[in-house]
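**Q** Can you look at this prediction? I've put the sequence above it.
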2 protein chains.
Amino acid sequence: MAFLSLNDTEIADKLKDGQITICVIGIGRIGLPTALVFAQAGAKVIGADISDIIVENINNGITHIDEPGIEEFLKNAVSSGNFRASTDLQASITEADVIIICVPTPVDINKNPDYSALMAVCRDLVKGLKKGSLIIIESTIAPGVVEEIIVSFIEENTNFTIGKDLGIVSCPERADPGKIFECLKTVPRIVGGIDERSNNLAGALYKAAMGVKIVKVSNPRTANAVKLTENIFRDVNIALINELAILYEKIGINIIETIGAATTKWNFVPHYPGPGVGGPCLPANPYYLIQVANRVGYIPYLVRLAREINDRMPDKIVHLILEALNGIGKPIKGSKVAILGITYKSGVKDVQYTPAERIIDTLKNLDTQITCYDPLFKNEIVFGLPIEESVEVAIQDADAIVFCTAHEEFKQLNLENLSKLASLPAVIVDTRNIFNLNKAKNAGFAYRGLGVPVS
Amino acid sequence: MAFLSLNDTEIADKLKDGQITICVIGIGRIGLPTALVFAQAGAKVIGADISDIIVENINNGITHIDEPGIEEFLKNAVSSGNFRASTDLQASITEADVIIICVPTPVDINKNPDYSALMAVCRDLVKGLKKGSLIIIESTIAPGVVEEIIVSFIEENTNFTIGKDLGIVSCPERADPGKIFECLKTVPRIVGGIDERSNNLAGALYKAAMGVKIVKVSNPRTANAVKLTENIFRDVNIALINELAILYEKIGINIIETIGAATTKWNFVPHYPGPGVGGPCLPANPYYLIQVANRVGYIPYLVRLAREINDRMPDKIVHLILEALNGIGKPIKGSKVAILGITYKSGVKDVQYTPAERIIDTLKNLDTQITCYDPLFKNEIVFGLPIEESVEVAIQDADAIVFCTAHEEFKQLNLENLSKLASLPAVIVDTRNIFNLNKAKNAGFAYRGLGVPVS
């Protein structure tokens, strides 16, 4: 079957009847849920990945992704016969009518986009692709990567002409970790195809499978720009509020009180300060755009500065810990610091680019004794440190208790009980504004909060 | 009557019964509407201003402010006997129970806050104030100005103790020009008093007079920070979108299409590119915070960079005009450029810090022939230029037609008719994305839009 020759009704009907085969390449945080939702909608789905362990586990119904509802989705998909995982990318591509690429696109140590996983997929594509297929790229990439790199690579290495023999679209994922299944079915999809047919086919497929609104844009580069613009908007606004938090702390103003009051204005949108910005998207995405901009000789100073501000927040937090310990007459060297929360986001088991890692590394260099607790990593080893089995164990004899993530469990903590375990005088360093000065004081702790004046 | 001794019910009752006298100092864009709303609510209001002409006109029912509904409000307030204007600030202050300060707080040529009008009012305050009065500052000021400057000045120059004999609060105006009366009655008021009593009294007064929600914050400095945070948020987001607009134009992406698609994500908030940021607030407010920050040795780089990006947009527009003319083979020197729209905002008769002024000045230096039209300034002289009586007159024989404001009238223009008047080949330079490439092309114009790729 040539997918490219179908119309909207045929796509919906064939999807339901199990006559469309989709290969999702990269079955991680986004790829696996996406694959499972297509399988639920009736498609025959192959989840292709280079990891033997992940593929084997998934075929046995065991998922490596921590996402609400995923076990149930996986169980149903496997038992329905609509889903299987495979390490044979080339064969999976050949079998598929539609290839959806969800591989990671991180940045390297020099903050340059690392498209190596994507290019590896392209090498499999040119060996496996059959005429009439549609290629969909969900991975976040810079504007121009599809048009200038992927299309050229495929045309140079096959006899196919993109637009005629194959379709290609960018359809960047827009899901929020922790709510991915909900997002897949509710957040409108941006579809930017190399031609109108690719656009229409991808739109019809996502609409039929997920029931979402489709937003068609002019071309792949625009779809990629939309995704980057969304995440840069967040990165810049978090950087702004981090900058203001540090300033307001110095001039006697509480940032959280300020944000709360400002939010009563119709055109103000709250963002919150924190120890830095983590996760797979925000710390990397702006650099994709910066690289493209550099090539045309236009430095996006604001985008770059925002990234740098957020990137330096872990150092700011270490400084806050140092000040906090100093305030109770203790040096940072040799003090026992309990890090509570290591994930980049509350409730999501993910430590990609998490600020806690940089905070821990810097504290190690200052000869601090570190203990760690995170409810999502109990009894595991992360960043070379054992994650304790409870808050209580982690804070035993602590001089400073540093909250890096606002996990729900932390919001319920009884600080009075904790102060009996800590090595008083002890200080709470609150990078997420979970507590406040009075609560900490009443429990017998000193307190330093990000964006909270000392007195 | 000592206003400070009243409770909430007494304030509401006495306001209605005409037993509360309010002196509003500075009867401009915010002060006059504020005074009129208090008069409508029953207060005896004196609008105090240093301008003889403004005071005389207002007492004759003639307003210098262009704001929907203001003539009716003024007529009613004057005829009810609840409102009069006066140039005698000292006597007005003495007569009043509550003094509301609405004087302008611009920045000087070096971008330093200019509090001279506010300090002049303080000199009148110390001569006129009576015990038991409440001072309310609506003018936008930096955090700390109330606590560190105004309170000290009053206590040093009177026998009064603030908090005991007098109350003082910051209650920054949050109204949107063009919708001021609507905003006064719907947008929550931020009230930050020097003490709890001041806070409560000011809250009760605004609530009784305007029916709005009151948001009490810890102190004046926090109220001022809230106002600055709101406007800095806007300034930064407009700067971001201006930066992206310029970049996207270079890499073949339409910023307006991108913003439209991004807005379908739950946490993206659209802002739009433009020729610069004008008006009394945004171009000035960030500098108040920058000055305070400099004093504590903390440069808010992001706030400053955003301001600079927006401040340079008029130059970018001149460059766009130059490129646009070049594209049709005309030099900018000697060409006739019609500027359509000189106000900083559509539909609001205000040219404070308007980007059009800088664009006009720069074009003059390039020996361009300039004509101007703005529906709100017909037949007036502005920036040394006559404002024509119609679009048609302004664009007669024009080589470039530059839209600087998105007035409603412009959106209705028939470009085919305009092309008959212009000196073809002629180009439309659209800084507000009112039109698009196809519309302009079909009408026989070349087209350059901010954030719109050339092809």
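**A** Received it, and whenever you're ready, just let me know what you need.
**Q** When you work out contacts or count neighbours from here on, use the C-alpha atoms and nothing else.
**A** Fine.
**Q** Might you list the low-confidence residue ranges for chain A?
**A** The model of chain A has pLDDT under 70 over residues A:1.
**Q** Show me the domain layout of it.
**A** With domains defined by automatic domain parsing, chain A comprises A:3-216, A:227-310, A:311-449.
**Q** Quick one: distance of the longest one to the chain centre.
**A** So the one you mean is domain A:3-216. Relative to its parent chain, domain A:3-216 has a centroid offset of 18 Å by CA atoms, centre = their mean, to the nearest Å.
**Q** hmm, that domain in reach of chain B?
**A** Yes. Judged by CA under 8 Å from any CA of the partner chain, domain A:3-216 and chain B are in contact via A:174, A:187-188, A:190, A:215.
**Q** Is it possible to get TSV of the domains of chain A that adds mean neighbour count?
**A** Formatted as TSV, the domains of chain A follow (neighbours: other CA atoms under 10 Å in any protein chain shown):
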stretch	mean neighbour count
domain A:3-216	20
domain A:227-310	21
domain A:311-449	20
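**Q** looking at these, which is closest to B:Ile54?
**A** With CA to CA, the closest approach to B:Ile54 among those belongs to domain A:227-310: 31.0 Å.
**Q** hang on, the earlier thing: please name whichever of the domains of chain A is nearest to B:Tyr344.
**A** Nearest to B:Tyr344, of all these, is domain A:227-310, at 18.1 Å by CA to CA.
**Q** Does that closest one reach chain B?
**A** Yes. On the criterion CA under 8 Å from any CA, domain A:227-310 is in touch with chain B at A:227, A:229-230, A:233-234, A:237, A:239-240, A:243-244, A:247, A:250-251, A:253-254, A:257-259, A:261-262, A:264-266, A:268-269, A:293, A:296, A:298, A:300-303, A:305-306.
**Q** Repeat that for stretch A:319-334.
**A** No. Contact between stretch A:319-334 and chain B is absent, the nearest approach being 15.0 Å (criterion: CA under 8 Å from any CA).
**Q** Can you show me the CA trace of that stretch as PDB?
**A** Output in PDB follows, covering the C-alpha atoms of stretch A:319-334 (Å, rounded to 0.1, in the frame of the first residue of the first chain):
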ATOM      1  CA  HIS A 319      26.300  30.300  46.900                       C
ATOM      2  CA  LEU A 320      22.900  30.400  48.700                       C
ATOM      3  CA  ILE A 321      23.900  27.200  50.600                       C
ATOM      4  CA  LEU A 322      27.200  28.700  51.500                       C
ATOM      5  CA  GLU A 323      25.600  31.900  52.800                       C
ATOM      6  CA  ALA A 324      23.000  29.900  54.600                       C
ATOM      7  CA  LEU A 325      25.600  27.800  56.400                       C
ATOM      8  CA  ASN A 326      27.600  30.900  57.100                       C
ATOM      9  CA  GLY A 327      24.600  32.500  58.700                       C
ATOM     10  CA  ILE A 328      24.500  29.700  61.300                       C
ATOM     11  CA  GLY A 329      28.300  29.900  61.700                       C
ATOM     12  CA  LYS A 330      29.200  26.800  59.800                       C
ATOM     13  CA  PRO A 331      31.700  26.500  57.000                       C
ATOM     14  CA  ILE A 332      30.500  24.600  53.800                       C
ATOM     15  CA  LYS A 333      33.700  22.400  54.000                       C
ATOM     16  CA  GLY A 334      32.900  19.300  56.000                       C
END
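**Q** List of residues touching the helix or strand containing A:Asn310?
**A** Using DSSP states H and E, A:Asn310 maps to helix A:301-311. For helix A:301-311, the external contacting residues (CA atoms under 8 Å, 6 or more residues apart in numbering or on different chains) are A:232, A:235-236, A:238-240, A:242-243, A:276-277, A:283, A:286-287, A:290, B:239-240, B:243, B:301-302, B:305-306.
**Q** Next, the angle from that helix to helix B:301-311.
**A** With axes from the mean of the first three to the mean of the last three CA atoms, to 10 degrees defining the directions, helix A:301-311 sits at 170 degrees from helix B:301-311.
**Q** Might you calculate how far helix A:301-311 sits from the centre of the chain?
**A** Distance of helix A:301-311 from its chain centroid, counting by CA atoms, centre = their mean, is 18 Å.
**Q** and if you look at stretch A:421-430?
**A** With CA atoms, centre = their mean, you get 32 Å for stretch A:421-430.
**Q** Endpoint to endpoint, that stretch covers what distance?
**A** Counting by CA to CA, to the nearest Å, you get 18 Å between the two ends of stretch A:421-430.
**Q** Ok, stretch A:61-80 next?
**A** Using CA to CA, the end-to-end distance of stretch A:61-80 comes to 12 Å.
**Q** Need the phi and psi values for A:Gly327.
**A** Phi and psi for A:Gly327, reported as degrees, to the nearest 10, are phi -60, psi -30.
**Q** actually A:Val348, sorry about that
**A** Note on A:Val348: backbone dihedrals following degrees, to the nearest 10 are phi -120, psi 120.
**Q** Report the contact partners of the closest residue to A:Pro453 other than its chain neighbours.
**A** Nearest residue to A:Pro453, sequence neighbours excluded (CA to CA, 6 or more residues apart in numbering or on different chains): A:Glu249, at 4.3 Å. Going by CA under 8 Å, 6+ apart, A:Glu249 touches A:255, A:450-454.
**Q** Narrow these to those in helices?
**A** Per DSSP state H, helices hold the following members of the contacts of A:Glu249: A:Ile255.
**Q** Nearest to chain B among the contacts of A:Glu249?
**A** Closest approach to chain B among the contacts of A:Glu249 (CA to the nearest CA): A:Ile255, at 8.9 Å.
**Q** ok, that closest one touching A:Val452?
**A** Yes. Contact criterion CA atoms under 8 Å: A:Ile255 and A:Val452 qualify, at 6.5 Å.
**Q** Give the residues shared as contacts by these two.
**A** With CA under 8 Å, 6+ apart as the test, A:Ile255 and A:Val452 both reach A:245, A:248-249.
**Q** Nearest to chain B among those?
**A** Distance to chain B, by CA to the nearest CA, is smallest for A:Tyr248 among the shared contacts of A:Ile255 and A:Val452, at 8.3 Å.
**Q** how far out from the middle of the chain is the helix or strand hosting that closest one?
**A** A:Tyr248 is part of helix A:220-250, with elements assigned from DSSP H and E. Distance, stretch centre to chain centre, for helix A:220-250: 15 Å (CA atoms, centre = their mean).
**Q** Identify the residue spatially nearest to A:Tyr298, adjacent ones excluded.
**A** Per CA to CA, 6+ apart, closest to A:Tyr298 is B:Leu247, 6.7 Å.
**Q** distance of A:Phe153 from chain B?
**A** 20 Å (CA to the nearest CA, to the nearest Å).
**Q** Three-state assignment for that residue, please.
**A** Under DSSP: H, G, I helix; E, B strand; the rest coil, the three-state class of A:Phe153 is helix.
**Q** List the contacts of it.
**A** A:Cys122.
**Q** distance between the ends of stretch A:58-71?
**A** Length of stretch A:58-71, first residue to last, CA to CA: 10 Å.
**Q** now what about it, what contacts it?
**A** Against stretch A:58-71 from outside (CA under 8 Å, 6+ apart): A:28-29, A:33, A:54, A:57, A:74-75, A:78, A:84-85, A:177-181, A:348-349.
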